[in-house]
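*Asks:* here are the coordinates; sequence isn't available:
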């Protein structure tokens, strides 16, 4: 499934949600995400920290829910002060350069509630979607303060980007905070959500600022590079390119509101 097909599926899913607003129970979860890579990916990415937002549609009179989960997690950051630029197309001088490694993901989710009543309600979940791995740069002039007249960096862009499909399953609990604290908003409205998920997917290429120095990149036939080349040389960032299958566990902790 390519990106166009996935975007069409997501768009159709959102239209279905809008069409059935008068018949459904909606909600959303938002919170912190901790990801721990496993297997080969664990040798190049130690951990990720980020946040997620999940929109949920509860199928009436059933224990089933479906949703759309969007997330952003970072796993590497480096800032270089007084970085010297010598490119012809850019004004020569010294700038502040920031390099970021991060992951964007979008998943269609499904959930089955094991209990429909009570303060603590366990559930099992599944998800399928895509993860997109980025290494981006931001070039800023340290002598210019960002204002409405000059809101943007001098330059920003992407060093490397790759995407792969992934799927996973997990277990979670929702804790009804309305019942515990007697908030006067009724039951089944405000929840503390805790969920652990295992995620596995296709092969993806990425860079990692925090990878151990002794890791040997696994990379062949990188688009734009000769076969076997294991580094990217960019005017603002040079580094190793790693290749592995997506494999990790995720822990999500956040608050959820149901309408």
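*Replies:* Noted; the coordinates are in hand. Keep in mind that this is a model prediction, so the values were computed, not measured.

*Asks:* residue 158 against residue 135, yeah?
*Replies:* Yes: the pair residue 158 and residue 135 passes the contact test of C-beta atoms under 8 Å, sitting 7.1 Å apart. For the C-beta atoms, the positions are set from N, CA and C on the backbone; glycine is no exception.

*Asks:* more neighbours: the two, which one.
*Replies:* For residue 158 versus residue 135, neighbours defined as other C-beta atoms under 10 Å are more numerous around residue 135 (23 against 10).

*Asks:* so what strands line up beside the helix or strand harbouring that one?
*Replies:* Element membership for residue 135, per DSSP states H and E: strand 120-140. With DSSP bridges as the test, strand 120-140 is paired with strand 93-113 (antiparallel), strand 155-176 (antiparallel).

*Asks:* and among those strands, the most buried is which?
*Replies:* Most buried of the strands paired with strand 120-140, by mean neighbour count (mean count of other C-beta atoms under 10 Å): strand 93-113, with a mean of 19.

*Asks:* burial check on residue 190, number of neighbours?
*Replies:* Residue 190 has 20 neighbours, counted by other C-beta under 10 Å.

*Asks:* quick check: bridge partners of it?
*Replies:* With DSSP bridges as the criterion, residue 190 is bridged to residue 257.

*Asks:* check which helix or strand residue 208 maps to.
*Replies:* Under the assignment here (DSSP H and E), residue 208 is part of no helix and no strand.

*Asks:* what sits against it?
*Replies:* For residue 208, the contact set (C-beta atoms under 8 Å, 6 or more residues apart in numbering) comprises 44-45, 75-76, 101, 240, 242.

*Asks:* circling back to that earlier point, now do the strand holding residue 135, average pLDDT.
*Replies:* For strand 120-140, mean pLDDT is 95.

*Asks:* buried residues, it. List them.
*Replies:* For strand 120-140, a neighbour-count test (16 or more other C-beta atoms under 10 Å) marks 121, 123, 125, 127-140 as buried.

*Asks:* stretch 62-77 now?
*Replies:* Under the neighbour-count criterion of 16+ other C-beta under 10 Å, stretch 62-77 has 65-69, 71, 73, 75-76 buried.

*Asks:* mind showing which ranges of the stretch 1-150 of the chain have poor pLDDT?
*Replies:* The stretch 1-150 of the chain contains residues with pLDDT under 70 at 1-24, 85-93, 143-150.
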